[in-house]
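[1] Here's my sequence, what's the structure:
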Amino acid sequence: MIEVAPGVEGLIFDCDGTLVDSMPIHWECWHGTFAKFGATCPPEFLDRLKGVPTHGIIAQFNEAFGYDFDVAEFTEAKENLAKEKLLHVKEIEPVTALVYKYHNKIPMAVASGGPFETVKLSLDVTGLSKYFEVYITADDPVAPKPSPDIFLEAARRIGVAPEKCQVFEDADMGVKAAVDAGMVITDVRDYL
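    Residues are numbered from 1 along each chain as shown. Here you go, the predicted model:
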């Protein structure tokens, strides 16, 4: 069972793979979009960059593999495909149990490398969006994971000192960002 650590006054959740079981959908969308653009991408490359916004992954893909895909065009194609498929996403109950338990007791935020529209859609489909007032996404002007900035901004917006926040994450980049932000970190992969 996932617990909130003693002394924690704010909870920050990643979305994909943490609150909602969307990673299989995103992997399918990544591979479908690469196929549409006439390329393939090694799964380990995508796995290593889990938590990084789509545009950041494509920029790194271009550099690593010598492609010159239009980052905005590729990102739009991948996110449009995701919007169709996310209509069937499910929540991850060991994590969402905390959301239900601490709603209106501890300030909570979502901090995701995904675009706001996609994150909000996933949370709307699962009924979770009503539990969050604060969303930090790839659309916000903060450095993405593994930078701690996304979590520091979430803490600022919920009005809780970073060291009093607990982050729930499923990706190495997010874990690093939370550690660098000085927050308590729970790697939900240990519970799923």
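[2] Determine the number of other residues adjacent to Tyr67.
    Neighbour count for Tyr67, taken as other Cβ atoms under 10 Å: 15. In this view, the C-beta of every residue, glycine as well, is placed from N, C-alpha and C.
[3] same deal with the one 10 residues further on?
    The burial count assigned to Ala77 is 19, neighbours taken as other Cβ under 10 Å.
[4] tell me which element it falls in.
    For Ala77, the element it lies in under DSSP states H and E is helix 71-85.
[5] And that helix, what does it pack against?
    In terms of contacts (3 or more Cβ pairs under 8 Å, 6 or more residues apart in numbering; DSSP states H and E), helix 71-85 is packed against helix 23-36, helix 54-65, helix 116-126.
[6] from those helices, which stretch is densest packed?
    Across the helices and strands packed on helix 71-85, averaging neighbours per residue (mean count of other Cβ atoms under 10 Å) puts helix 116-126 on top, at a mean of 20.
[7] Next up, phi/psi of Glu3, please.
    The phi/psi pair for Glu3 (degrees, to the nearest 10) reads phi -120, psi 160.
[8] Would you mind listing where the chain has pLDDT under the threshold?
    The model of the chain has no residue with pLDDT under 70.
[9] quick one: contacts for the residue sitting nearest the centre point of it?
    Centre of the chain computed as the mean C-alpha position; nearest residue by Cα atoms, centre = their mean is Ser112, 3.2 Å away. Residues in contact with Ser112, defined by Cβ atoms under 8 Å, 6 or more residues apart in numbering, are Asp14, Cys15, Asp16, Val119, Tyr135, Ile136, Thr137, Ala138.
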